[in-house]
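In: Predicted model and sequence follow; I will ask about them next.
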Number of protein chains: 2
Amino acid sequence: MPSVADRVADELRLQLAEGILLPGTRLTESTIAEDLGVSRNTVREAFAELASERLVVRHPNRGVFVASLEPGDIHDVYTVRRTIEVSAIRGGGSPEAVAAVRAAVEEGKLAAAANDDEGLGTANQHFHGAIVALAGSRRLNTIMSQVLAEMRLFFHKATLDAHFYSGYLKDNEEICEALEADELDLAAELLLAYLDRSEERQAEVHGE
Amino acid sequence: MPSVADRVADELRLQLAEGILLPGTRLTESTIAEDLGVSRNTVREAFAELASERLVVRHPNRGVFVASLEPGDIHDVYTVRRTIEVSAIRGGGSPEAVAAVRAAVEEGKLAAAANDDEGLGTANQHFHGAIVALAGSRRLNTIMSQVLAEMRLFFHKATLDAHFYSGYLKDNEEICEALEADELDLAAELLLAYLDRSEERQAEVHGE
DNA sequence: AATTCAGCGATTGTTCAACAATCCTTCGAT
DNA sequence: ATCGAAGGATTGTTGAACAATCGCTGAATT
């Protein structure tokens, strides 16, 4: 039932997440229209959607390019994450919402046991998504999922280091435990420290 | 140099903010295309833009309608505002950013002296925009401006009461003073209380 | 009288073809 | 080597067309 434009956007989102389309790549309307067997106009609508999610940047009269994050953007993204995630965890959340956080932690453990780096990454994203979901706000959830989608864009460079996420497992476990014990201030503190460290690493990998 | 689609979106945004287009109104592609002298396809792109800002809702195969916020949405919007604004004010901000907050307060005073209800409303929005700007994050700023745009949609009912904003002046003054005195916790507390009260009022006006 | 349903009109979703405007590049002139 | 002008490619925008879908009207049925 989803419109064609939506499916085109989905397909592109997928290719962006998979790293098939790397930051900076130019997306030509006509070629994508041909490749996916749709009209140029439809591709255009899909582009508008992706642009509103910052996955893609429009250069007027020049075309759309896969968004590439500069150091400033990295800090900015983490500022958003600190704001939203820390606030969400400070508010606690329903038992089901907390259970979702726990589930994400376990998902990460399983992925680690299976040596599944890809799975580890998505588990980590689920974890942080679940944390925001604690606030129970539809809008915060969509904001967060957009931010996470944006981050996937430049995670590909980061994931070259196979052990990139491995250290996060313990952090997530600790944060989750504090949350479950209703030690919200502690949980918030741990989360904040985690985000700061994470930003540092990203800056390293991405910095010049 | 802005594209035609952008100008169409701007025009519609204006009409939405002005209350010319009220929530629930149906927007027909062809009539808008004619009215503004552009192609239907271009209107379509503008719709996509507005939909991504939640100013407008797409009902597949039925058309787009001016977004109308239900009670749940009101709470949701205020949840976002509490999260972002309180976090921003807790972080303090550069002297210039604080000065911008002060400027918005004075702007409100002037509007009040001139009995300019409209001006009072925009001054209030500037105030809260300036608070978020304290965080110095581009993304948080755009998120906030979208939220404010969303709120303008249902402010029209609220503004029927001419004294709706009048009470806010003192609040803003106090919050600003606390901020200038670097009493960030106090400022955050005042802001939070203000937002809670504001949500209550909105719920009253809008609630059934 | 109320209900169901077929058909109709209007609107959206999508495609296609065209053209102006703009940008990038290449090539030639200086 | 620098500069600028022509050329090609791509985007921005339009207009027209058509299928799909929705909501409604009005007729047939119970």
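Out: That came in fine, so what should we check first? Small disclaimer: the values here were computed from a predicted structure and weren't measured. Residues are numbered from 1 along each chain as shown, chains lettered A, B, ... in the order given.
In: which residues sit in contact with A:His75?
Out: A:His75 is in contact with A:199, A:203, counting by C-beta atoms under 8 Å, 6 or more residues apart in numbering or on different chains. (C-beta placed from N, C-alpha, C; glycine too.)
In: element containing it?
Out: Applying DSSP states H and E as the criterion places A:His75 in helix A:71-81.
In: Equivalent analysis for A:Arg58, please.
Out: For A:Arg58, the element it lies in under DSSP H and E is strand A:56-59.
In: and that strand, anywhere near DNA strand D?
Out: Yes - judged by C-beta under 7 Å from any atom of the strand, strand A:56-59 and DNA strand D are in contact via A:Arg58.
In: Flag every residue of chain A that's near chain B.
Out: With C-beta under 8 Å from any C-beta of the partner chain as the criterion, chain A meets chain B at residues A:1, A:3, A:41, A:44-45, A:48-49, A:52-53, A:60, A:76-77, A:79-80, A:82-84, A:86-88, A:135-140, A:143, A:147.
In: just the buried members of those?
Out: Buried residues within these, defined by neighbour count using 16 or more other C-beta atoms under 10 Å in any protein chain shown: A:44-45, A:48-49, A:53, A:76-77, A:79-80, A:82-84, A:86-88, A:135-137, A:139-140, A:143, A:147.
In: So which of the residues you listed belong to helices?
Out: A:44-45, A:48-49, A:76-77, A:79-80, A:87-88, A:139-140, A:143, A:147 (DSSP state H).
In: buried ones in stretch A:188-201?
Out: A:188, A:190-191, A:194-195, A:198-199.
In: Please tell me I have it right and A:Arg40 contacts A:Glu29.
Out: Yes - contact criterion C-beta atoms under 8 Å: A:Arg40 and A:Glu29 qualify, at 5.0 Å.
In: So for these two, which residue has more residues nearby?
Out: Between A:Arg40 and A:Glu29, counting by other C-beta atoms under 10 Å in any protein chain shown, A:Glu29 is the more crowded of the two (17 against 12).
In: That one against A:Arg44, yeah?
Out: Yes - between A:Glu29 and A:Arg44 there is a contact at 6.5 Å, judged by C-beta under 8 Å.
In: helices and strands of chain A: which one bottoms out on pLDDT?
Out: Lowest by mean pLDDT, DSSP states H and E among the helices and strands of chain A is helix A:138-158, with a mean of 90.
In: Tell me the helix or strand right after that helix.
Out: Per DSSP H and E, the first helix or strand lying C-terminal to helix A:138-158 is helix A:168-180.
In: the inter-axis angle of the helix or strand just after that following helix versus helix A:168-180?
Out: Going down the chain from helix A:168-180, the next helix or strand is helix A:184-206, by DSSP H and E. Here helix A:184-206 runs at an angle of 160 degrees relative to helix A:168-180 (axes from the mean of the first three to the mean of the last three C-alpha atoms, to 10 degrees).
In: outside of helix A:184-206, which residues touch it?
Out: In this structure, residues lying in contact with helix A:184-206 by C-beta under 8 Å, 6+ apart are A:69, A:71, A:74-75, A:78, A:81-82, A:85-86, A:89-92, A:131, A:154, A:157-158, A:161, A:164, A:168, A:171, A:174-175, A:178-179.
In: Surely A:Ala17 forms part of a helix?
Out: Yes - according to DSSP: H, G, I helix; E, B strand; the rest coil, A:Ala17 belongs to a helix.
In: Quick check: it touching A:Leu148?
Out: No - between A:Ala17 and A:Leu148 no contact is recorded; they are 9.9 Å apart, counting by C-beta under 8 Å.
In: which one of the two has more residues nearby?
Out: Remark: of A:Ala17 and A:Leu148, A:Leu148 carries more neighbours, 20 against 17, as counted by other C-beta under 10 Å.
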